[in-house]
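# Test case, fold it:
(one chain, ligands or ions: 2)
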Amino acid sequence: MNQIASDIVAVMVSVAVDGPYSYRVPHDMQVARGSIVQVPLGPRKVTGVVWGEPKDKVAHNRLRDIETLFDTPPLTDELMKLVDWVAKYTLAQPGMVLRGVLRSPEAFEPDKPVTVYQLTDLRPERLTSARQRVIETMEDGFSWGKTALVGASGVSPSVIEGLVKQGVLEQHFVPPPPIVTAPDADHNPLSLNDEQQAAVDAITSNGFHQFGVSLLDGVTGSGKTEVFFEAVAACLKAGRQAVILLPEIALTHTFLDRFEQRFGARPGEWHSDMTPVQRARMWRAVARGKVPAVVGARSALFLPFPDLGLIVIDEEHDGAFKQSDRVNYHARDMAVVRANLTKGHVILSSATPSVESRNNADQGRYQHVKMLGRFAEAAMPDITAIDMRADGPEKGEWIAPKLAREIFSVLDRGEQALLFLNRRGYAPLTLCRSCGHQYQCPDCSAWLVEHRFRGVLTCHHCGHEIGVPKECHKCGADDSLVPIGPGIERIAEEAAKRFPDARRVILSSDMGTMAQTKARFEEIAQGDYDLIIGTQLVAKGHHFPKLNLVGVLDADLGLAHGDPRAAEKTFQLLTQVTGRAGRTGKSGRAFLQTYVPEHAVMQALVRGDREAFYAHEIKARGMVGLPPFGRLAALIISANEHDVAFNYARQLAVLSPKAPDEAKLKLFGPADAPVAMVRGRHRVRLLVQSEKQFDLSGYVRFWLAEGPKPTGNLRVQVDIDPMSFY
Ligand code: ADP
Ligand code: ZN
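Numbering: from 1, shown residues only. Ligands and ions are numbered 1, 2, ... in the order given. Model (predicted):
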């Protein structure tokens with residue numbers, strides 16, 4: 001261990017500060033780089049990590065002492081370097097990045113022992129029937145935990161306490177059972193087809209002790225999960241830990257079951273659906289090297305694995321891997337950074353890789369592992385565009401006649417159909433016919449979306465809600481409010497009218513708990529419904545064996561924004577949702593309702609030519625120097641008053657430092673952000689674009705350090721490699 005001899009050390013505290021502070025090490029304490037400690041900070045006590053020697057040795061009497069050294073393994077050098085790296089790259093404060101690593105102080109104490117009971121030779125003076133039951137239960141000679149004993153003998157806890165007092169039962173304190181049982185790499189491997197085996201061979205060819213990235217680029221249903229499970233098995237056999245990151249916690253449960261089938265034990269879990277106590281226990285077990293494999297959300301990337309050998313990013317293109325609150329990091333990119341530090345391997349798995357990863361593979365920086373066949377005979381869906389300009393539905397309806405006919409014939413055959421619209425609620429806008437009033441959020445530049453099911457108009461940015469009005473708030477007219485445009489609830493209404501005999505189910509993230517959603521998915525898989533009406537929620541990861549037709553009601557929905565990734569995101573989402581059709585045996589069909597059937601995205605989908613899409617998109621990005629051929633950073637300047645935000649942004653723009661010509665730096669703005677107000681705060685945006693090799697993070701850091709300090713309620717948020725552009 002890197003024992004530090006000095007009696008003054010630098011401690012990185014897990015709060016919003018720019019760097020480590022110096023603390024004194026008490027005489028009876030031995031710390032090392034990475035030691036997790038508690039230190040006083042102003043009036044508070046905070047958790048921190050010993051980062052190394054202090055920068056400057058301030059006079060002893062002005063320093064405060066480290067208060068507690070936790071009994072937990074020190075952070076590894078690799079993880080500390082990752083924290084520094086992420087902070088530097090994203091311009092977040094290192095203390096805030098560290099906070100993502102250190103979860104809860106309870107995690108740093110050793111596991112609390114649990115109490116168990118054992119039967120002695122003594123018997124109670126008075127043998128009540130309750131006591132009798134306890135004794136009978138325990139005659140098996142085993143040790144029993146209290147809850148189990150209460151459950152098995154059906155008595156109240158006081159009976160057990162009474163027996164302890166009389167010496168009939170003895171209490172012992174034992175270590176708690178391990179949080180996970182070790183996965184068995186050889187438990188139940190599937191026999192792979194040739195393409196799958198070739199993929200496994202390629203990915204595992206360099207072992208798990210050197211840095212490398214594989215792009216596992218395979219169509220939906222080709223067996224990517226089975227392939228990366230084999231890589232996990234190989235990594236475990238090599239004696240290192242593996243982590244699998246998933247984009248959605250809704251998918252975790254099925255995934256955990258699948259893991260258990262393959263490895264005979266559940267992996268460690270890590271996601272927001274766990275209690276603080278569960279998280280603390282998991283963290284502690286990971287830090288002590290007791291969890292060989294973890295499956296979790298993006299934050300699992302920052303778990304304190306002692307020796308991480310493999311990181312799998314499933315659905316690597318998914319936007320959920322980008323965190324955008326205090327620390328704007330992209331888990332996919334930071335996974336590559338961490339693997340580089342640990343000399344480990346990364347698998348990026350997707351049926352529709354991000355243009356970034358695809359380009360890295362094309363350029364030979366990543367190993368490109370392709371899987372083009374679906375497992376078993378299922379073929380790719382046959383996709384048809386419906387030109388809404390010529391063949392659109394009647395006014396007030398959203399399902400084109402051609403799509404409706406197809407649905408009827410699918411229903412006649414007893415198969416399932418899915419109607420997909422990626423918009424929650426009933427209608428995106430409510431308008432007064434007599435005065436023209438549009439219902440808007442008072443605090444955001446956004447319409448209030450009607451959710452008829454819940455009886456409210458709601459803002460999708462801040463959650464502001466009002467009851468569905470009966471009369472216009474502005475002119476007072478009765479019966480003058482009309483919904484404009486469809487949301488998924490409105491599609492469900494139309495479907496009920498047109499297909500009254502079909503057993504229908506509507507699925508949208510705002511319409512039920514996670515458990516309810518999970519139950520619906522199971523019912524769909526069993527064939528309890530004929531017609532599924534859903535949002536993005538149904539697009540991801542599920543296997544619906546009877547689903548043979550997918551109708552996308554508004555294929556153009558994602559294209560409308562000023563977002564450089566709009567085409568890519570649309571292509572990914574539509575590939576994913578149309579890929580739900582025809583997963584077993586027969587080939588499915590999909591229909592895209594579009595006003596721009598000539599668009600490159602629609603063309604690629606209809607022809608089943610994803611290579612054409614990537615070629616087109618990569619070329620288009622290259623021509624204008626957008627990622628992955630250049631870099632982008634967004635600065636969102638927000639304030640309670642528009643002028644304050646705008647003037648500050650203008651000042652910053654004027655002060656932007658000169659960059660060398662070869663950086664090809666371009667500054668756009670200031671301009672009002674596309675969503676110009678959120679939660680009452682005005683948002684002004686500056687966008688900077690540079691050449692790929694240029695250190696744009698460093699440039700922005702220097703720029704902000706030289707610029708005027710934000711004061712009052714003014715805030716500057718920096719987003720390096722922005723994924724959303726609202
Ligand atoms: P992907 O992740 O590429 O969409 P999956 O790994 O989920 O594909 O595989 C699709 C389906 O095919 C799953 O139900 C999976 O269990 C099954 N499958 C894939 N490969 C095999 C195999 N070699 N043997 C048996 N079943 C397989
Ligand atoms: Zn709002």
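# Flag every buried residue along stretch 101-120.
101, 102, 103, 107, 108, 111, 116, 117, 119 (16 or more other CB atoms under 10 Å). In short, each C-beta sits where N, CA and C put it, glycine included.
# Is residue 623 in a helix, a strand, or coil?
helix (DSSP: H, G, I helix; E, B strand; the rest coil).
# Report how many residues lie close to the residue of the stretch 601-726 of the chain found nearest ligand 1.
Using CB to the nearest ligand atom, the closest approach of the stretch 601-726 of the chain to ligand 1 is made by residue 610 at 14.3 Å. For residue 610, the neighbour count with other CB atoms under 10 Å is 19.
# Let me see the contact set for the nearest residue to it once chain neighbours are set aside.
Distances taken as CB to CB, 6 or more residues apart in numbering place residue 604 nearest to residue 610, at 6.2 Å, with adjacent residues excluded. Contacts of residue 604 were listed using CB atoms under 8 Å, 6 or more residues apart in numbering, and they are 571, 610, 612, 613, 616.
# Tell me the residues of the stretch 151-300 of the chain that contact ligand 1?
Taking CB under 6 Å from any ligand atom, the part of the stretch 151-300 of the chain that reaches ligand 1 is made up of 190, 192, 193, 196, 218, 220, 221, 222, 223, 224, 225, 226.
# does the fourth one sit in a helix, a strand or a coil?
Going by three-state DSSP, the secondary structure assigned to residue 196 is helix.
# and if you look at the first one?
Under three-state DSSP, residue 190 falls in the coil class.
# where does the residue nearest to it when sequence neighbours are not counted land on pLDDT?
Distances taken as CB to CB, 6+ apart put residue 226 closest to residue 190, at 5.6 Å, once the chain neighbours are dropped. Reported pLDDT at residue 226 in the predicted model: 95.
# and if you look at residue 585?
At residue 585, the pLDDT value in this model is 61.
# likewise residue 273?
83.
# pretty sure it contacts residue 518?
No. Residue 273 lies out of contact with residue 518 (CB atoms under 8 Å); the separation is 11.5 Å.
# Neighbour count: the two, which is higher?
Comparing residue 273 with residue 518 by other CB under 10 Å, the one with more neighbours is residue 518, at 15 against 12.
# The more buried one and residue 252 touch, don't they?
No. Taking contacts as CB under 8 Å, residue 518 lies outside contact range of residue 252: 10.2 Å.
# got the contact list for the residue nearest to residue 190?
190, 192, 196, 262, 375.
# Can you pull the phi/psi pair for the first one?
Backbone dihedrals for residue 190, given as degrees, to the nearest 10, come out at phi -80, psi 160.
# number of nearby residues for it?
Neighbour tally, residue 190, other CB under 10 Å: 14.
# for the third one, same thing?
Using other CB under 10 Å, residue 196 is surrounded by 21 other residues.
# which residues does residue 575 contact?
By CB under 8 Å, 6+ apart, residue 575 lies in contact with 220, 351, 352, 605, 610.
# swap that for residue 674, please
Here residue 674 is in contact with 561, 562, 725, 726 (CB under 8 Å, 6+ apart).
# what do you get for residue 673?
636, 683, 684, 685, 726 are the contacts of residue 673 under CB under 8 Å, 6+ apart.
# Surely the last one and residue 675 touch.
Read it as residue 726. Yes. Applying CB under 8 Å as the test, residue 726 and residue 675 come out as touching, 4.6 Å apart.
# mind listing what the closest residue to residue 236 other than its chain neighbours touches?
Once flanking residues are discounted, residue 236 sits nearest to residue 185: 4.7 Å by CB to CB, 6+ apart. For residue 185, the contact set (CB under 8 Å, 6+ apart) comprises 232, 233, 234, 236, 237, 263.
# one more time with 10 Å, if that's ok
229-230, 232-238, 262-264, 292-293 (CB atoms under 10 Å, 6 or more residues apart in numbering).
# Make a markdown table from those and add pLDDT to it.
What follows is the contacts of residue 185, written out as a markdown table (pLDDT from 0 to 100):
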| residue | pLDDT |
| --- | --- |
| 229 | 98 |
| 230 | 97 |
| 232 | 98 |
| 233 | 97 |
| 234 | 97 |
| 235 | 98 |
| 236 | 97 |
| 237 | 97 |
| 238 | 96 |
| 262 | 97 |
| 263 | 97 |
| 264 | 96 |
| 292 | 97 |
| 293 | 98 |
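# Tell me which two of the residues you listed sit farthest apart.
The span of those, defined through CB to CB, is set by 238 and 264 at 18.8 Å.
# Around ligand 1, which positions in the chain sit nearby?
190, 192-193, 196, 218, 220-226, 375, 543.
# Which of those residues scores worst on pLDDT?
Among those, pLDDT bottoms out at residue 375, giving 66.
# Can you pull out the low-pLDDT segments for the stretch 601-726 of the chain?
The stretch 601-726 of the chain contains no residues with pLDDT under 70.
# Tell me where it has helices.
Listed in chain order, the helices of the stretch 601-726 of the chain (DSSP state H, counting those that start in this stretch) span 610-624, 642-654, 696-706.
# roughly how far is the one helix or strand residue 201 maps to from the heart of the chain?
Assigned by DSSP states H and E, residue 201 belongs to helix 194-204. Chain-centre distance of helix 194-204: 27 Å, with CA atoms, centre = their mean, to the nearest Å.
# Quick check: what element follows it along the chain?
Following helix 194-204 toward the C-terminus (DSSP H and E): strand 212-218.
# What strands line up against that next one, and which way round?
Strand 212-218 has its sheet partners listed here by DSSP bridges as strand 345-350 (parallel), strand 367-371 (parallel).
# Return the set of residues that bridge with the nearest residue in space to residue 41 that is not next to it in sequence.
Computed as CB to CB, 6+ apart, the closest residue to residue 41 that is not its neighbour in sequence is residue 13, at 5.7 Å. Beta-bridge partners recorded for residue 13 (DSSP bridges): residue 48.
# Just want to check the distance between residue 13 and ligand 1.
Counting by CB to the nearest ligand atom, to the nearest Å, the separation of residue 13 from ligand 1 is 42 Å.
# With residue 282 instead?
25 Å.
# Kindly report the same for residue 337.
For residue 337, the distance to ligand 1 - CB to the nearest ligand atom - is 25 Å.
# Tell me which other helices or strands the helix or strand in which that residue is found touches.
Element membership of residue 337, judged by DSSP H and E, is helix 331-342. Helix 331-342 is packed against helix 77-90, strand 212-218, strand 241-245, strand 308-314, strand 345-350, helix 355-362, with contacts defined by 3 or more CB pairs under 10 Å, 6 or more residues apart in numbering; DSSP states H and E.
# hmm, try it at 6 Å
helix 77-90, strand 308-314, strand 345-350 (3 or more CB pairs under 6 Å, 6 or more residues apart in numbering; DSSP states H and E).
# Mean confidence (pLDDT) on that helix, please.
97.
# Using the three-state scheme, assign residue 236.
Per three-state DSSP, residue 236 ends up helix.
# ok, whatever residue of the stretch 451-600 of the chain ends up closest to ligand 1 - how many residues close by?
Nearest residue of the stretch 451-600 of the chain to ligand 1: residue 543, at 5.8 Å (CB to the nearest ligand atom). For residue 543, the neighbour count with other CB under 10 Å is 14.
# where's it relative to residue 522, distance?
As for residue 543, its distance to residue 522 is 11 Å (criterion: CB to CB, to the nearest Å).
# Give me the below-cutoff pLDDT ranges for the stretch 301-450 of the chain.
375-379.
# Under a three-state scheme, what state does residue 364 occupy?
Per three-state DSSP, residue 364 ends up coil.
# mind checking how far it is from ligand 2?
Separation of residue 364 from ligand 2 (CB to the ion, to the nearest Å) stands at 47 Å.
# Distance of that residue relative to ligand 1?
Residue 364 sits 24 Å away from ligand 1 when distances are taken as CB to the nearest ligand atom.
# got the phi/psi numbers for that residue?
Dihedral pair for residue 364: phi 80, psi 0, per degrees, to the nearest 10.
# for residue 148, same thing?
Reported as degrees, to the nearest 10, the phi and psi values for residue 148 are phi -60, psi -40.
# where's it relative to ligand 2, distance?
Distance, residue 148 to ligand 2, by CB to the ion: 50 Å.
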